[in-house]
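In: sequence and predicted structure are below.
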Amino acid sequence: MLSREDNDLITQTNQGTPMGNLIRRYWVPALLSEEVPHNDCPPARVKLMGEELVAFRDSQGRIGLIGEHCSHRGTSLFFGRNEECGLRCIYHGWKFDVDGNVLETPAEPGQSDYAKKLHHTAYPTHEANGVIYAYLGAKEQQPLFPNYEWTQVPLEHSYVTKCLLECNYLQGLEGECDSSHLSFLHRNFTNESNQPVYKGDPAPSYDTQDTDFGVRLIATRNFEDQHYVRFSAFVMPVYGCVPAGRKTNELEGYEIHTYVPADDTHCWRYDIGFHRGRVVNPEEVHRRKQINPDYTKVCNARNNYLQDRHKQKTLSFTGIDDFLNHDGCATESMGAIFDRTKEHLGVSDKAVIAVRRFLLASAKDLTNGKEPPHLVSEQAKNWFPHIDCFAHLVPRHVPWQKKFDFLTDSADKENPMSYAARKKAAS
Ligand code: FES
Ligand SMILES: [Fe+2]
């Protein structure tokens, strides 16, 4: 349970709010590359933390993310002309470049240098493996772009989808930190061959570790004479990393589910996945079928997620197709912003509690002048190898800390292990 004050603090992200200030210090996904597919293509609307923006790819392929409303008298630049290295407003022809410079004000007298005195809102962007990331904080505090593993693998080893989640970002993010729902929400009665662990032990025990990147989350279940240990991670500020769809005992890569606030009652869910050693199979992007061209979900609150009560009796726990929609129904049906003064947390919520604490402490610290964690000021030579997510069977007498010591922060800094080395260590 949270106090009313903390629930407001952690869920509100508009400009000037403590959590809004915190998230703005990091690079977050802003849109997909496919939304601005080629030079001089139509711009795309982007809403982030209550800010109305447009993105465009200019004549040189540079990506601009600028305020949607024209600096002159506010017409939406979404309708603008993307031409000759700038976006031109359709009302009186003012033209803006990717950096927010006002290039032309053609309705003003010929000699006017009015445009030079103006600056239009513009944020830096970074494109990696189909995702355009943005930094919405103060220019003088801009960190380097983090060298995450999922941004470094070859493009054909990765996949990504985006959809609108119609509730506050924290409800989505908390779902990623909660391994116990795997035994219920996502259960499929007809295909339990890969889920005996979740069926057999629905009450995992949790360990959590505060790290330099956020919180490592470890859920342990009993399975025959072994422990089934599932590692996931909360990475600042809105990334949930999980071994979704990955085989037990494999260290082949993982998925990153990101919940970027659009405003306080909507967020963008990005599902990014990657494989270390192979290209992506077509069926791995199955969730695209669940998403409309405008990135709303086909199954949503207005059609009760197309729940089938007969299937709920015979096929699956929910009677709803696809885990994306299971998560959507579970989190959106809490209401646009869940009132956490009314909840009753249990032992199974230990990881959720740890992540909330980390986020709240970071936001309060920033308000008090302390710098947030996990800002990259010096380019890492390697990706962050201690952010790894996988599920592994371990003999009961072996503590996971001993078997997977390559995850510890100190091991990472001193001696980042290659994939081959960690695979050997885990075998
Ligand atoms: S409102 Fe855009 S140029 Fe006038
Ligand atoms: Fe889920």
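Out: Sure, I can see it. Ligands and ions are numbered 1, 2, ... in the order given.

In: only C-alpha atoms from now on, for both contacts and neighbour counts.
Out: Will do.

In: quick one, helices of the stretch 1-150 of the chain?
Out: For the stretch 1-150 of the chain, the helices defined by DSSP state H, counting those that start in this stretch occupy 4-11, 18-23, 149-152.

In: thought Pro42 was touching Gly86?
Out: No - using CA atoms under 8 Å, Pro42 makes no contact with Gly86, being 11.7 Å away.

In: looking at those two, which is more packed in?
Out: Neighbours around Pro42 and Gly86, counted as other CA atoms under 10 Å, are more numerous at Gly86. The numbers are 27 against 21.

In: next up, the contacts around that one.
Out: In this structure, Gly86 makes contact with 58-59, 95-98, 103, judged by CA atoms under 8 Å, 6 or more residues apart in numbering.

In: ok, now with 10 Å
Out: 40, 56-60, 64, 80, 94-104 (CA atoms under 10 Å, 6 or more residues apart in numbering).

In: and what of Pro37?
Out: 43, 56-57, 61, 130.

In: and the nearest residue to Pro43 once chain neighbours are set aside, how far from ligand 1?
Out: Nearest non-adjacent residue to Pro43, counting by CA to CA, 6 or more residues apart in numbering: Phe56, 4.5 Å away. Counting by CA to the nearest ligand atom, to the nearest Å, the gap from Phe56 to ligand 1 is 16 Å.

In: for Glu250, same thing?
Out: Where ligand 1 is concerned, Glu250 sits at a distance of 54 Å (CA to the nearest ligand atom).

In: which strand or helix spans that residue?
Out: Using DSSP states H and E, Glu250 maps to neither a helix nor a strand.

In: number of nearby residues for whichever residue of the stretch 151-300 of the chain sits closest to ligand 1?
Out: Nearest to ligand 1 in the stretch 151-300 of the chain, going by CA to the nearest ligand atom, is Ala262, at a distance of 24.3 Å. Summarising burial for Ala262: neighbours were counted as other CA under 10 Å, giving 26.

In: ok, now Lys313?
Out: Count around Lys313 with other CA under 10 Å applied: 12.

In: my guess is it meets Thr190, correct?
Out: No - if you go by CA atoms under 10 Å, Lys313 and Thr190 don't touch, sitting 11.6 Å apart.

In: and the residue in the stretch 301-427 of the chain positioned nearest to ligand 1, what element?
Out: Here the stretch 301-427 of the chain gets closest to ligand 1 at one residue, Ala336, 33.6 Å apart by CA to the nearest ligand atom. Using DSSP H and E, Ala336 falls within no helix or strand.

In: Glu127 pairs with what?
Out: Judged by DSSP bridges, the bridge partners of Glu127 are Ile132.

In: isn't it up against Ile63?
Out: Yes - between Glu127 and Ile63 a contact is recorded at 8.5 Å, counting by CA under 10 Å.

In: joint contacts of the two?
Out: In contact with both Glu127 and Ile63: Ser33, using CA under 10 Å, 6+ apart.

In: so for those two, which residue has more residues nearby?
Out: Shown here are Glu127 and Ile63; by other CA under 10 Å, Ile63 has more neighbours (23 against 17).

In: thinking the more buried one is in contact with Val36, fair?
Out: Yes - counting by CA under 10 Å, Val36 is a contact partner of Ile63 at 8.5 Å.
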